[in-house]
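Participant: Compute the structure for the input listed below.
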Amino acid sequence: MATGKIENKEREADPHNMEEKYYRYGIKPEWMQVHRIINHVQYERNQYDYLVKWRELVYDQATWERDDFDIPLFEEAVMRYWIHR
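Facilitator: Numbering: from 1, shown residues only. Predicted coordinates for the structure are as follows:
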């Protein structure tokens, strides 16, 4: 039965609840994938914000995100950023 919502089985495969938060509002899944981290700013001893360049979006649409941002592969992108810095 198609209700427009994710079935229970699919919801388990969507641990970040991306369908409920973003996709159902017309945001393409690719736009929610980190392409790379461009820069960072440190506010307190252990709090950082990162400038995120998103897949299929141009650089002027990059956004600042907190270090505790809950999105797939964000932590991995942050680790890659620090390794290459």
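Participant: Helices of the chain, start to end?
Facilitator: 8-12, 18-21, 74-84 (DSSP state H).
Participant: rank the ones you listed by pLDDT, which is bottom?
Facilitator: Across the helices of the chain, helix 8-12 has the smallest mean pLDDT, namely a mean of 50.
Participant: For this structure, give me the ranges with low pLDDT.
Facilitator: Counting by pLDDT under 70, the chain contains low-confidence ranges at 1-16, 18-19, 21.
Participant: At which residues are the strands of it located?
Facilitator: For the chain, the strands defined by DSSP state E cover 34-44, 47-54, 63-66.
Participant: Give me the most central residue, the chain.
Facilitator: Ile71 (3.9 Å; CA atoms, centre = their mean).
Participant: Can you give me the distance of that residue to Arg45?
Facilitator: 24 Å (CB to CB, to the nearest Å). Every residue, glycine included, has its C-beta placed from N, CA and C.
Participant: Show me what counts as buried in stretch 73-81.
Facilitator: Counting neighbours by 16 or more other CB atoms under 10 Å, one finds that the buried residues in stretch 73-81 are Phe74, Ala77, Val78, Tyr81.
Participant: so what's the second one closest to, chain neighbours aside?
Facilitator: By the measure of CB to CB, 6 or more residues apart in numbering, the closest residue to Ala77 outside its immediate chain neighbours is Val34, 4.2 Å from it.
Participant: Do I have it right that that neighbour meets Phe74?
Facilitator: Yes: when contacts are counted by CB atoms under 8 Å, Val34 is listed as touching Phe74 (5.8 Å).
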